[in-house]
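Peer 1: How does the following fold in three dimensions:
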Amino acid sequence: MRLEALANLAHELRTPVQVLLGYLEILRDDLEQELGDESREIIERMNANVHDLAQTVENMIAFATSAAEAQATAEEVFRVSELIDELTPALEAANRGKGLEIEIDTARAPETIGCSRKPLRVILLNLASNAVKFTGSGKVTISVAEGRTLNGADAVVLEVADTGPGIAPDQLERAFESLSQLSNTSARRHRGLGLGLSVVHQHVGALGGTIEVRTAPGQGACFRATVPCRIVRRAARKTFARKFHGAAGIGAAQARIGGAKPRSQLHHP
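Peer 2: As a prediction, the model looks like this:
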């Protein structure tokens, strides 16, 4: 009953938040030439805050409905490139004003997969958004690749690595708890309810996958989710990573992805 109330509240908040985002887009597009630097900076800050609020609302909805939604969603056949295209605008908005380098690597990804599309998008978006939020400078690398589950079945591997502060071993398990921030300092510095990783954990578990983390304080973090997925078509030709800063255009570049130690792995039954 409480989860249902949370979902209803989030749905009520979703429309006015989307309206605010629309008005801010109009302000930025229509008045860009007339505004001074200070006014433009204020609008960008407002835009970043409202995008954070929008993500929090979506996480509230996903948290309240995630298990049932992930299990009930039928398999869809779609291109991995379509999943990436859906992800990019949200990352550009989250990175606006931060100037992080964001790299999206699909060099080892299949071309077409059969999977529950929405839960997969929620997993990747939350991992990537969290990485951008908690990384003050440097780089976020997002990788999609073909893989195998623990029992050898086909899977898609979603990996997000960052150059952020990393997570201490004694705080790692708490990272996946609902309504949890890793520390009081983190709660003051970063907005949100701490639902993002909890939503990821629930969706990965509902899809029968596993999630593991490689991290250490001061060495960034690398989250890897392995989700059972039917490989419909492997890539006919090599693809490249897409790289961009903030809301800038997307260029082509090859990428490798790394992670920090130590390593902690969480498996779902």
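Peer 1: tell me which helix or strand of this structure sits lowest on mean pLDDT?
Peer 2: When the helices and strands of the chain are scored by mean pLDDT, DSSP states H and E, strand 251-253 comes last with a mean of 31.
Peer 1: mind checking the SS state of the spatially most distant residue from the centre of the chain?
Peer 2: Largest separation from the mean C-alpha position in the chain: residue 34, at 34.3 Å (Cα atoms, centre = their mean). At residue 34, secondary structure determined by DSSP: H, G, I helix; E, B strand; the rest coil is coil.
Peer 1: Could you check how far it is from residue 47?
Peer 2: 17 Å (Cβ to Cβ, to the nearest Å). C-betas here are computed from N, CA, C, even on glycine.
Peer 1: Also residue 140?
Peer 2: For residue 140, the distance to residue 47 (Cβ to Cβ) stands at 19 Å.
Peer 1: So these two - more neighbours on which side?
Peer 2: A count of neighbours by other Cβ atoms under 10 Å puts residue 140 above the other of residue 140 and residue 47, at 28 against 19.
Peer 1: Over to that one: give its phi and psi.
Peer 2: Backbone torsions for residue 140, taken as degrees, to the nearest 10, come to phi -120, psi 130.
Peer 1: tell me the contacts of it?
Peer 2: The contact partners of residue 140, by Cβ atoms under 8 Å, 6 or more residues apart in numbering, come to 100-103, 128, 131-132, 160-163.
Peer 1: same check, this time on residue 121
Peer 2: Residues counted as contacts of residue 121 (Cβ under 8 Å, 6+ apart) are 83, 86-87.
Peer 1: change it to 7 Å
Peer 2: Counting by Cβ atoms under 7 Å, 6 or more residues apart in numbering, residue 121 touches 83, 86.
Peer 1: try the one 3 residues further on
Peer 2: Contact analysis of residue 124 by Cβ under 7 Å, 6+ apart lists 83, 87, 158.
Peer 1: helix, strand or coil for the nearest residue to residue 97 once chain neighbours are set aside?
Peer 2: Nearest non-adjacent residue to residue 97, counting by Cβ to Cβ, 6 or more residues apart in numbering: residue 44, 5.3 Å away. Three-state call for residue 44 (three-state DSSP): helix.
Peer 1: Residue 44 against residue 96, yeah?
Peer 2: Yes. Here residue 44 reaches residue 96: they are 6.0 Å apart, a contact under Cβ atoms under 7 Å.
Peer 1: if I look at residue 25, how far off is residue 128?
Peer 2: Counting by Cβ to Cβ - residue 25 and residue 128 are separated by 21 Å.
Peer 1: Cool, thanks, talk later.
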